[in-house]
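Asks: no FASTA, just this:
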């Protein structure tokens, strides 16, 4: 049985989660990873994806985050999301709109680096859309 | 001396005004509660952001690779003032006190021979500053269409500021807004945005362990700082929204009370005049009867 640790999911608008959890799976920039108690201190940026939170009671909640970063210390973990929403409440139109914006950004992007970045963001968004929205 | 009819009309119009101010006060009170909730809900994010930033900055130190947004351009010639005000008036001294603070700041900078550029957020700030600093206003952001302030609104302002900074358009950026203390007290505040001032946020200690970064610290910091600017702008806008409603509430409360006093006074003189007229008519009848 893994120990519980403190997890907080904050978006600029509000505090979504603040509770003791057993494990959290987050979409790191370089791939998904799981955070357990007594994790080494890590600071990582996130890509758009699904965060899975297993709380101390063993219930699983899933949240959609659109980029952000995570600050992990051994006894607590803070996820600062650019924007976050519970997967249950996700709005297909909102995601579609984000993708639309990302496409426009890609069209406007200048320079290789910016284009790559915009393309990557767009791809991540489309993957996310496929993952969370029932076809 | 106004006639009875004049007085009656006057009383009716003041009563109508009182109803309007009363309604505005109640609307402001309802909006205030929502604005206050929003401001409070946003607080954890900016606090955590401050802590995280302090953490990373501490690790990186003041090396040469520290991003410019953090340490500044090393110059102090061009100042950008980001002045956030309301879209609407009728909220007491709210807009003018922010504008006054910004104007004094701008005057001081101009007297020191610096260049001043201004971006206004909200229509009222532009209306006030246009008079004597109109030529310095380089851009204005209109949030009139926005019903519920979202982070994306602040983010687009933040991006605008960062783009200007990257183009070397200014060296120091200061944010002007009104901090919400209570319904009767809002404090116009100037906050330096770029270069970021070390906040009092205590770095959360991760023991003596060294942070691992994914990707590297530089990349994270260069991602973090622009976002921090947007967050600061967002916070300022939310504080402003709460302050605006608070200021409007107390302004409208005053107005309602004044209207009440005015109605009392007018009613008093209306009654006196009516009584005088009745007395006059009675005297006329009695003296007419006596003459017979």
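Replies: Sure, I can see it. These numbers come from a predicted model, not from an experiment. Residues are numbered from 1 along each chain as shown, chains lettered A, B, ... in the order given.

Asks: going forward, measure contacts between C-alpha atoms and count neighbours the same way
Replies: OK.

Asks: And residue B:289, how close does it get to residue A:33?
Replies: Distance, residue B:289 to residue A:33, by CA to CA, to the nearest Å: 108 Å.

Asks: ditto for residue B:255
Replies: As judged by CA to CA, residue B:255 and residue A:33 stand 59 Å apart.

Asks: Show me which residues of chain A sit near chain B.
Replies: A:10-15, A:28-30, A:40-45, A:71, A:73-74, A:78, A:80 (CA under 8 Å from any CA of the partner chain).

Asks: how about the residues of chain B that lie near chain A?
Replies: So far as CA under 8 Å from any CA goes, chain B lies against chain A at B:38, B:41-46, B:48-49, B:52, B:150-151, B:206, B:209-215, B:220, B:231.

Asks: Out of the residues you listed, which sit inside strands?
Replies: Judged by DSSP state E, strands contain the following of these: B:212-214.

Asks: Counting neighbours, which of the residues of chain B next to chain A end up buried?
Replies: Neighbour-count burial (16 or more other CA atoms under 10 Å in any protein chain shown) is assigned, among the residues of chain B next to chain A, to B:38, B:41-46, B:48-49, B:52, B:151, B:206, B:211, B:213-214, B:220, B:231.

Asks: returning to that earlier point: which one of residue B:289 and residue A:33 has more residues nearby?
Replies: Comparing residue B:289 with residue A:33 by other CA atoms under 10 Å in any protein chain shown, the one with more neighbours is residue A:33, at 13 against 9.

Asks: Wait, the more buried one touches residue A:26, no?
Replies: Yes: using CA atoms under 8 Å, residue A:33 is in contact with residue A:26, at 5.6 Å.

Asks: Show me where chain A has its strands.
Replies: Per DSSP E, chain A carries strands over the ranges A:5-10, A:15-28, A:31-35, A:42-46, A:49-55, A:60-65, A:68-73, A:76-81, A:84-86.

Asks: would you turn those into JSON lines with mean pLDDT?
Replies: Below are the strands of chain A laid out as JSON lines (pLDDT from 0 to 100):
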{"stretch": "strand A:5-10", "mean pLDDT": "90"}
{"stretch": "strand A:15-28", "mean pLDDT": "89"}
{"stretch": "strand A:31-35", "mean pLDDT": "89"}
{"stretch": "strand A:42-46", "mean pLDDT": "87"}
{"stretch": "strand A:49-55", "mean pLDDT": "89"}
{"stretch": "strand A:60-65", "mean pLDDT": "88"}
{"stretch": "strand A:68-73", "mean pLDDT": "86"}
{"stretch": "strand A:76-81", "mean pLDDT": "88"}
{"stretch": "strand A:84-86", "mean pLDDT": "85"}
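
Asks: closest to residue B:192 out of the ones you listed?
Replies: Residue B:192 lies closest, by CA to CA, to one member of the strands of chain A: strand A:76-81, at 23.0 Å.

Asks: domain ranges for the chain?
Replies: As the question left the chain open, I've gone with chain A. What the record gives for chain A is the domain set A:5-87, A:91-132, from automatic domain parsing.

Asks: Chain B, not that one
Replies: If you go by automatic domain parsing, chain B breaks into B:4-20+B:253-291, B:29-249.

Asks: just checking, which of those comes out with the lowest mean pLDDT?
Replies: For those, the weakest mean pLDDT is recorded on domain B:29-249, namely a mean of 83.

Asks: Now do that one: distance from first to last residue.
Replies: Distance across domain B:29-249, first residue to last, is 6 Å (CA to CA).

Asks: With stretch B:130-146 instead?
Replies: End-to-end distance for stretch B:130-146, by CA to CA: 23 Å.

Asks: Show residues contacting that stretch.
Replies: Stretch B:130-146 is touched from outside by B:87, B:103, B:116-123, B:126, B:157, with contacts defined as CA atoms under 8 Å, 6 or more residues apart in numbering or on different chains.

Asks: between the residues you listed, which is closest to residue A:53?
Replies: Of all these, residue A:53 sits closest to residue B:157, with 32.7 Å by CA to CA.

Asks: What strand or helix carries that closest one?
Replies: According to DSSP states H and E, residue B:157 maps onto helix B:151-166.

Asks: Can you mark which positions in that helix are buried?
Replies: Neighbour counts over helix B:151-166 (16+ other CA under 10 Å) mark B:151, B:153-155, B:157-158, B:161-162, B:165 as buried.

Asks: before we move on, back to that, which of the domains of chain B is buried the deepest?
Replies: Ranked by mean neighbour count under mean count of other CA atoms under 10 Å in any protein chain shown, the domains of chain B are led by domain B:29-249, which reaches a mean of 18.

Asks: what ranges do the strands span in chain B?
Replies: For chain B, the strands defined by DSSP E occupy B:78-84, B:115-121, B:137-141, B:172-182, B:185-194, B:212-214.

Asks: partners of the fifth one in the sheet?
Replies: Going back to what we said before, that points to strand B:185-194. Applying DSSP bridges to the sheet, strand B:185-194 is found paired with strand B:172-182 (antiparallel).

Asks: contacting residues around the strand it pairs with?
Replies: Here strand B:172-182 makes contact (CA under 8 Å, 6+ apart) with B:72, B:76, B:78-85, B:94, B:98, B:101-102, B:186-195, B:233, B:236-237, B:239-240, B:242-243, B:246.

Asks: Please apply the same query to stretch B:8-17.
Replies: Contacting residues not belonging to stretch B:8-17 are listed as B:259-260, B:262-263, B:266-267, B:270 [CA under 8 Å, 6+ apart].

Asks: before we move on, the earlier item: just send the domains of chain B back as a markdown table, with distance to residue A:130 too.
Replies: Listed next are the domains of chain B as a markdown table, based on distance: least, CA to CA, whole Å:
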| stretch | distance to residue A:130 |
| --- | --- |
| domain B:4-20+B:253-291 | 52 |
| domain B:29-249 | 24 |
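
Asks: out of these, nearest to residue A:101?
Replies: Between residue A:101 and the domains of chain B, the shortest separation by CA to CA is 12.0 Å, and it involves domain B:29-249.

Asks: From the chain's centroid, how far away is the closest one?
Replies: When distances are taken as CA atoms, centre = their mean, to the nearest Å, domain B:29-249 is centred 12 Å away from the chain's centroid.

Asks: Stretch B:180-196 spans what distance, first to last residue?
Replies: 22 Å.

Asks: tell me the contacts of the residue lying closest to residue A:44 once chain neighbours are set aside?
Replies: Leaving out its chain neighbours, the residue that sits closest to residue A:44 by CA to CA, 6 or more residues apart in numbering or on different chains is residue B:214, at 4.7 Å. For residue B:214, the contacting residues are A:28-30, A:42-45, B:220, by CA under 8 Å, 6+ apart.
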